[in-house]
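Undergrad: Pasting the sequence and the predicted coordinates here, then a few questions.
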Amino acid sequence: MTQAQLAQYVRVQAQTMGKTLSRLESHGHIARVRSTSDRRSHVVSLTERGKEAVAAAVEMERTVLAAATIDPDVLRQELKAVVRELASQFGSSTTGALLDNPSMTP
């Protein structure tokens with residue numbers, strides 16, 4: 001996936017995505033390579049270390065949710081409602097739009 005596609009997917013500006021990817025790259029979680037079809041683009045991929053970090057995050061989520069007395073889907077909906085309320089109070093339409101994106105829900 002390209003850097004621009006990632007920015008569009010999570011609905012942030014390209015500059016914001018670039019900064020985020022720079023941090024991930026410096027920690028060894030991703031690799032960026034110039035696209036062979038479009039030299040202006042960078043293709044982003046997870047490194048082995050990045051895949052390990054994702055697996056650890058998934059396991060942490062399972063551990064936390066296993067101890068919860070609430071259904072995980074209900075918990076996600078409650079958390080989305082809280083984030084929407086905070087976004088409306090602080091005037092962030094981007095956050096609400098991100099939460100409404102069905103592809104962002106596991």
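TA: Cool, got the structure. As the structure is a computational prediction, the values presented were derived from the model and not from experiment.
Undergrad: what separates Ala4 from Arg11, distance-wise?
TA: Distance, Ala4 to Arg11, by C-beta to C-beta, to the nearest Å: 12 Å. For every residue, glycine as well, the C-beta is placed using N, CA and C.
Undergrad: Equivalent analysis for Gln3, please.
TA: From Gln3 to Arg11 the distance is 14 Å (C-beta to C-beta).
Undergrad: same question, Leu79
TA: 18 Å.
Undergrad: Same drill for the two, tell me which one is more crowded.
TA: Arg11 (14 against 11; other C-beta atoms under 10 Å).
Undergrad: got a list of what His21 touches?
TA: Not quite, residue 21 is Leu, not His. Listed by C-beta atoms under 8 Å, 6 or more residues apart in numbering, the contact partners of Leu21 are Gln3, Leu6, Ile30, Arg32, Val44.
Undergrad: check which helix or strand covers it.
TA: Using DSSP states H and E, Leu21 sits within helix 14-26.
Undergrad: Skipping its backbone neighbours, what lies nearest Arg34 in space?
TA: Excluding the flanking residues, the one nearest Arg34 by C-beta to C-beta, 6 or more residues apart in numbering is His42, at 6.1 Å.
Undergrad: Counting neighbours, what do you get for Val12?
TA: Counted with other C-beta under 10 Å, the neighbours of Val12 add up to 16.
Undergrad: Surely it is in a strand?
TA: No: in this structure, Val12 is coil, not part of a strand, as judged by DSSP: H, G, I helix; E, B strand; the rest coil.
Undergrad: so how far is Leu21 from it?
TA: With C-beta to C-beta as the criterion, Val12 and Leu21 are 11 Å apart.
Undergrad: Could you do Arg11 as well?
TA: 15 Å.
Undergrad: Could you do Gln13 as well?
TA: 13 Å.
Undergrad: before we move on, the earlier item: which residues touch the residue nearest to Arg34?
TA: Contacts of His42 by C-beta under 8 Å, 6+ apart are Thr2, Gln3, Arg32, Val33, Arg34, Ser35.
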